[in-house]
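Colleague: Could you look at this predicted model? Sequence included:
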Amino acid sequence: MASSRALIAVIGGSGVYDLPELQHRRWEAVSSPFGEPSDEFLFGEVSDVPVVFVPRHGRGHVLSPTAINFRANIDALKRCGVEDVISFSAVGSLDEALAPGTFVLVDQFLDRTTSRENSFFGRGCVAHVSLSHPVSDEMISFIERAANDIGLRYRRGGTYLAMEGPQFSTYAESQLYRSWGCQVIGMTNMPEARLAREAELCYASVCMVTDYDCWHPSHGSVTVADVVRVMHENSRNAQRLIARAIPLLAGADDRGSWTARRSLDNAIITAPENRDPTVVAMLDAVAGRVLVQP
């Protein structure tokens with residue numbers, strides 16, 4: 001259990017390595033039975049709302065997408081009392097209309113990752129949660145309102161193709177993903193979104209377009225300097241969006257009834273008498289609400 005508590009978590013990806021809006025900032029290590037999180041967590045307040053910031057790749061960007069311990073990150077957030085997660089990530093665009101600098105509030109995922117632990121459950125305690133609508137529509141509505149308030153260029157809705165990486169796509173892969181109807185491509189929202197749902201955390205993904213993927217005819221003329229410039233602009237806009245969205249989310253009258261908060265109702269299949277006590281003990285934060293012993 002962490003000594004500090006937070007209501008809302010912000011997970012920062014490439015380009016979002018800190019949260020300057022946080023007041024009374026303090027870094028704190030949070031332990032998890034699922035291993036080491038990406039880094040210490042940064043606790044503080046935004047507009048008097050208790051918030052925790054997680055640098056997904058660690059400070060200094062030391063973790064590749066595959067090396068991130070997504071289970072430890074999500075479990076540790078649950079132990080901090082977090083209820084809502086706003087995930088920021090840099091992505092490539094698979095849609096001509098989504099130019100660099102656009103923010104996309106995605107609502108679907110195609111998971112092409114292959115080398116990651118993607119569930120808290122397994123042998124000794126089996127569960128199946130619904131992932132048909134993997135992000136919190138309630139959260140997205142408030143984030144959209146915040147985006148409008150600050151005049152952000154964004155699109156609501158879209159499919160995120162999660163690839164393993166760390167290499168970028170081949171041209172053939174990029175064209176295939178476009179033919180599947182995906183709008184953006186990235187490496188970190190899966191299994192993050194899956195695990196957040198298993199932990200009954202409301203999850204919203206804010207994707208920041210840095211460039212067109214390699215399918216685009218002008219891809220070859222894009223320089224590193226161009227990408228870095230867009231990333232800096234995206235980071236500034238992300239900070240503005242966070243500052244506006246957090247008080248809106250915290251002040252929602254119906255936040256206790258948001259759909260994802262009861263994702264584990266009827267999800268655990270293993271009979272109580274057959275559950276592995278060691279596994280159940282590890283799930284105390286993620287699934288303690290429903291893991292009632294006989």
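Modeller: That came through, no problem.

Colleague: For Ile143, give me its contacts.
Modeller: Applying C-beta atoms under 8 Å, 6 or more residues apart in numbering to Ile143 gives the contacts Ile86, Leu105, Ala204, Val206, Leu241, Ala245, Leu249. Placement of C-beta: from N, CA and C, glycine included.

Colleague: run the last query once more with 10 Å
Modeller: 86, 103, 105, 136, 152, 154, 156, 204-206, 241-242, 244-246, 248-249 (C-beta atoms under 10 Å, 6 or more residues apart in numbering).

Colleague: Filter the residues you listed down to the buried ones.
Modeller: 86, 103, 105, 136, 152, 154, 204-206, 241-242, 244-246, 248-249 (16 or more other C-beta atoms under 10 Å).

Colleague: Of those, which pair is most distant in space?
Modeller: Distance extremes for those: the farthest pair is Ser136 and Leu152 at 19.0 Å, using C-beta to C-beta.

Colleague: hang on, the earlier thing: taking the buried ones among the contacts of Ile143 one by one, which sit in strands?
Modeller: Under the assignment DSSP state E, the buried ones among the contacts of Ile143 contribute Ile86, Phe103, Leu105, Tyr154, Ala204, Ser205, Val206 to strands.

Colleague: in terms of contact, does the third one touch Arg153 like I think?
Modeller: It refers to Leu105. No. Counting by C-beta atoms under 10 Å, Leu105 stays clear of Arg153, with 11.9 Å between them.

Colleague: Common neighbours of those two, please.
Modeller: Both Leu105 and Arg153 are in contact with Ala147, where contact means C-beta under 10 Å, 6+ apart.

Colleague: I'd like to know how many residues surround His232.
Modeller: 11 (other C-beta atoms under 10 Å).

Colleague: what separates it from Ile268, distance-wise?
Modeller: 45 Å (C-beta to C-beta, to the nearest Å).

Colleague: how about Arg71, secondary structure?
Modeller: Judged by DSSP: H, G, I helix; E, B strand; the rest coil, the three-state class of Arg71 is helix.

Colleague: And it, what's its pLDDT?
Modeller: pLDDT for Arg71: 98.

Colleague: neighbours around it, how many?
Modeller: Using other C-beta under 10 Å: Arg71 sits among 25 other residues.

Colleague: Okay, now stretch 92-101: how far is its last residue from its first?
Modeller: From its first residue to its last, stretch 92-101 covers 10 Å (C-alpha to C-alpha, to the nearest Å).
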